[in-house]
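Undergrad: please work out how this folds:
(chains A and B)
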There are 2 protein chains.
Amino acid sequence: MSTLIFGHKNPDTDTITAAITLAEFEKQDGNTDVEAVALGTPNAETKFALDFFKLNPLRVVKTVANETEHVDLVDHNEAQQSVDDRADVTIDKVIDHHRVANFQTEAPLYMRVEPLGSANSVIYKMFKEKGYTISPLIASLMASGLISDTLLLKSPTTTDQDRAMFADLQKIADVDLKDYGMKMLKAGTNLAARSDQDIIDGDAKSFTMGGKTVRIDQVNTVDLNDIYDRQDAIVAAMQAEKDAEGYDLFVVIATDIMNSNSTAFALGEKDKLEDAFGKKFDANDRLDLPGVVSRKKQVVPVLTDSFEK
Amino acid sequence: MSTLIFGHKNPDTDTITAAITLAEFEKQDGNTDVEAVALGTPNAETKFALDFFKLNPLRVVKTVANETEHVDLVDHNEAQQSVDDRADVTIDKVIDHHRVANFQTEAPLYMRVEPLGSANSVIYKMFKEKGYTISPLIASLMASGLISDTLLLKSPTTTDQDRAMFADLQKIADVDLKDYGMKMLKAGTNLAARSDQDIIDGDAKSFTMGGKTVRIDQVNTVDLNDIYDRQDAIVAAMQAEKDAEGYDLFVVIATDIMNSNSTAFALGEKDKLEDAFGKKFDANDRLDLPGVVSRKKQVVPVLTDSFEK
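TA: Residues are numbered from 1 along each chain as shown, chains lettered A, B, ... in the order given. Take a look at the predicted model:
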């Protein structure tokens, strides 16, 4: 039985590439019986990255206990973002760069969480500490995860360690990472090709805040007007999903990756969001969030505070 | 405001020394404004270690939010084992070697948990990875934590990494670590000098298992008869504390550190303990646990299973 390595539901580029790069780390570490898998199909940005490097999408699994007893998690730790039957297997390893919540084990494990720009940033450090080989392909995949999560090092989640890593990876990789990275990010912003449902669900994560269920989706664009033009349809889709799933608050954050600004739509306990940012929804029912690009660093902590105070 | 670094309640030698060695790591890492503190006074074994190296006990704190906004945790992560007002401060760092449970943050942090013999084993790796200096004193303190938690490398929690670390620390330290270690362990087994209450509480930790509150204490001895002779008084003290605190199960494990065996006394849901080990309490109301020396590895996982199935 292979140890399965996977990231979060609604996989993004960092989650998919981190599963691949951690699997490579494990192999060099002597654990040859590992397989990188995914909890969903790649989004448009990730598909661009995989196609660029001529890689097939990872095998998609919905459950894991039917085929293994051991798993490694990358890029997440919260139960509701993970595989549904996680409680039925043993978590040997967690490599992540998010807050820790809704996570528990029966026995000691290897868990490494660092406040860096990407899960791949942590894996990169593990390679360096052990002196393992980073091939041009692995370097490019690590960079893809970092570029995706930090919007090409522009997000406030970017650390000096991330910038140093990016420079090092550029020396190894066979491609111009900045040029490739901008193309990869733009590939993820072709909203015309995406349904309303895909937009509100494509990068959504669930959180528990003060006992309430909060769903936060983020969608990247190069022009916020592409989102404004579809606001009514998007909000209608949000309402249907909120009714079906029973979220207490559903937020969709549209992020302008060129200008590093965001706008939020929300349904449910919108006052919590207003309280978190100290401002009100405007006449168009939009909450303007200048300078906000990081859900993890700029939204989740203040919103958690707002729910728990 | 200094960042406070501390281990768990009812501090043991690994918890106290890990706070000191992590503080040294932080200073070499450029974070000079840190202070190692403790959530209680040193036990007899730890006092022996501190006296041996002419160190004063750490300052004891009952709360932290009154003096700082930032803390680093060593050797624990579960809320009920930590400082009471932990929710009021930001956890910047966790260095541990236990299971992860009852732990959550609002924002990303640095969390490093490894299945090694001691918290100091993880800190040792951090020093080595960064190339920081391990002085003879710091080496001796790291070894003290490892010796305490692994009963001089005899516990099944001992890994190859721990053994290699011990050999490396012996090259740095000014003392014969095996000889010193045996003396330190024996200093912790002078039960004649300890009250019944101190024996049942000295190394006790609380756990949540299947929604129930489980209290597990461990006491080291060089002769189990020293415990058997006081069984009635010890069980009476357990009963009083169980009534006062409302534990669903209270277990005291007495461990013979010379022969690597244990015996348990218990009150409350004793059937869960019997189920966990597949055997019954004997006519003297003792559960014989041959080969069991590690609460973490040999008791908590099977008992959790027993409560949660």
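
Undergrad: when you work out contacts or count neighbours from here on, use the C-alpha atoms and nothing else.
TA: Fine.

Undergrad: per-residue confidence for residue A:216?
TA: At residue A:216, the pLDDT value in this model is 97.

Undergrad: spell out which parts of the stretch 1-150 of chain A neighbour chain B.
TA: Counting by CA under 8 Å from any CA of the partner chain, the residues of the stretch 1-150 of chain A close to chain B are A:97-115, A:129.

Undergrad: try 6 Å
TA: Contacts of the stretch 1-150 of chain A with chain B, taken as CA under 6 Å from any CA of the partner chain, map to A:98-101, A:104-115.

Undergrad: quick one: the helices in chain A?
TA: In chain A, the segments counted as helices under DSSP state H are A:13-28, A:44-52, A:119-130, A:136-150, A:160-172, A:177-187, A:196-201, A:225-228, A:231-245, A:270-277, A:300-308.

Undergrad: I'd like those written out as TSV, with mean pLDDT and mean neighbour count added.
TA: Putting those into TSV (pLDDT from 0 to 100; neighbours: other CA atoms under 10 Å in any protein chain shown) gives the following:
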stretch	mean pLDDT	mean neighbour count
helix A:13-28	98	25
helix A:44-52	97	19
helix A:119-130	97	21
helix A:136-150	98	25
helix A:160-172	98	17
helix A:177-187	96	18
helix A:196-201	95	20
helix A:225-228	95	16
helix A:231-245	97	15
helix A:270-277	97	18
helix A:300-308	94	18
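
Undergrad: and residue B:175, which of these is closest to it?
TA: Distance to residue B:175, taken as CA to CA, is lowest for helix A:119-130 among these, at 29.8 Å.

Undergrad: show me what the closest one is in contact with.
TA: Outside helix A:119-130, the residues within contact range by CA atoms under 6 Å, 6 or more residues apart in numbering or on different chains are A:18, A:75, A:96, A:97, A:142.

Undergrad: distance to residue A:11 added to the residues you listed, as a markdown table?
TA: Supplementary listing: the contacts of helix A:119-130 in a markdown table, determined by distance: CA to CA, whole Å:
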| residue | distance to residue A:11 |
| --- | --- |
| A:18 | 11 |
| A:75 | 10 |
| A:96 | 14 |
| A:97 | 15 |
| A:142 | 15 |
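
Undergrad: any idea which of the residues you listed is the one closest to chain B?
TA: Closest approach to chain B among these (CA to the nearest CA): residue A:97, at 6.2 Å.

Undergrad: and the pLDDT at that closest one?
TA: In this model, residue A:97 is scored at 97, pLDDT.

Undergrad: what do you get for residue A:107?
TA: 90.

Undergrad: find the nearest non-adjacent residue to residue A:137, please.
TA: Once flanking residues are discounted, residue A:137 sits nearest to residue A:173: 6.8 Å by CA to CA, 6 or more residues apart in numbering or on different chains.

Undergrad: contacts only, for the one you found.
TA: Applying CA under 6 Å, 6+ apart, the residues near residue A:173 are A:136, A:139, A:140.

Undergrad: outline the domain layout of chain A.
TA: The record's domain parsing of chain A by automatic domain parsing lists A:3-187, A:194-307.

Undergrad: coming back round to it: for the helices of chain A, which one sits closest to residue B:164?
TA: Closest approach to residue B:164 among these (CA to CA): helix A:119-130, 15.7 Å.

Undergrad: so the closest residue to residue A:114 other than its chain neighbours bridges to which residues?
TA: Once its chain neighbours are removed from consideration, residue A:114 has its nearest residue in residue B:110; the separation is 4.3 Å (CA to CA, 6+ apart). With DSSP bridges applied, residue B:110 shows beta-bridge pairing to residue B:93.

Undergrad: so residue B:110 touches residue A:113, yeah?
TA: Yes. Checked against CA atoms under 6 Å, the pair residue B:110 and residue A:113 is within contact range at 5.4 Å.

Undergrad: which one of those two has more residues nearby?
TA: Here residue B:110 and residue A:113 are compared on neighbour count by other CA atoms under 10 Å in any protein chain shown; more neighbours surround residue A:113, at 26 against 19.

Undergrad: what's the burial count for residue A:251?
TA: Look at residue A:251: counted by other CA under 10 Å, it has 23 neighbours.

Undergrad: repeat for the one 10 residues further on
TA: Residue neighbour count, defined by other CA under 10 Å, stands at 18 for residue A:261.

Undergrad: quick check, pLDDT for it.
TA: For residue A:261, the model assigns a pLDDT of 94.

Undergrad: check the one 4 residues further on too.
TA: We have a pLDDT of 98 for residue A:265.

Undergrad: can you check residue A:192 too?
TA: The model reports residue A:192 with a pLDDT of 89.

Undergrad: okay, it and residue A:223: tell me how far apart.
TA: From residue A:192 across to residue A:223, the span is 12 Å (CA to CA, to the nearest Å).

Undergrad: which of the two has more residues huddled nearby?
TA: Looking at residue A:192 and residue A:223 with other CA under 10 Å, you find the greater number of neighbours at residue A:223, namely 16 against 9.

Undergrad: which non-adjacent residue is nearest that one?
TA: Closest to residue A:223 by CA to CA, 6+ apart is residue A:256, at 6.1 Å.

Undergrad: and the one you found, what's its pLDDT?
TA: On the pLDDT scale, residue A:256 gets 94.

Undergrad: tell me the contacts of it?
TA: Under the criterion of CA under 6 Å, 6+ apart, the contact list for residue A:256 reads A:221, A:222, A:262.

Undergrad: how much space is there between it and residue A:221?
TA: As defined by CA to CA, residue A:256 lies at a distance of 5 Å from residue A:221.

Undergrad: leaving out the residues flanking it, which one is nearest to residue A:108?
TA: In space, residue A:108 comes closest to residue B:99 once its chain neighbours are excluded; the distance is 3.9 Å by CA to CA, 6+ apart.

Undergrad: so what does the one you found have for phi and psi?
TA: phi -60, psi 160 (degrees, to the nearest 10).
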